[in-house]
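Colleague: need a structure here:
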Amino acid sequence: MDEFSKKANLDKLDRQIEEFKSKKHKNSPKRFKVQNDGWRMVIELVTGMILGVSLGMALDYIIGSEPIFLIVFSLLGFMAGVKTMIATAKKMNETNN
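Modeller: Below you'll find the predicted structure:
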């Protein structure tokens, strides 16, 4: 009888461990998805800024002007990055709801 109760206790413990593991695995993909979405938005903003700065510097170098194109294209790159981030946020909101 002692062995039967020990076996029952071990089976119960095994079930509890499996339930805990299954709950842990259910929550982890959502956490990674949120992190990936955050990084995606940051990369979109930085990419817009880098492209704007690069185009501005290139035009200033080619034309030989003051850094007017650098300023203008930096602002345009920032605005493009923000616009892309907003579009991504709307898309994520639609898929989550």
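
Colleague: which secondary structure elements does the helix or strand of the chain with the lowest mean pLDDT contact?
Modeller: In the chain, no helix or strand scores lower on mean pLDDT, DSSP states H and E than helix 2-63, which sits at a mean of 82. Counting contacts by 3 or more Cβ pairs under 8 Å, 6 or more residues apart in numbering; DSSP states H and E, helix 2-63 packs against helix 68-96. Yep, even glycine has a C-beta here, placed from its N, CA and C like the rest.

Colleague: In contact with Met57, which residues?
Modeller: Applying Cβ atoms under 8 Å, 6 or more residues apart in numbering, we find Met57 in contact with 69-70.

Colleague: how about a cut-off of 10 Å?
Modeller: Residues in contact with Met57 (Cβ atoms under 10 Å, 6 or more residues apart in numbering) are 67, 69-70, 73-74.

Colleague: which one of the residues you listed sits closest to Val42?
Modeller: Distances from Val42 to these, taken as Cβ to Cβ, are shortest for Ser74 (17.5 Å).

Colleague: For that closest one, grab the count of nearby residues.
Modeller: Using other Cβ atoms under 10 Å, the number of residues around Ser74 comes to 21.

Colleague: gap between it and Glu44?
Modeller: 16 Å (Cβ to Cβ, to the nearest Å).

Colleague: same deal with Phe73?
Modeller: 17 Å.

Colleague: Next: Asp14.
Modeller: Asp14 is 46 Å from Glu44, by Cβ to Cβ.
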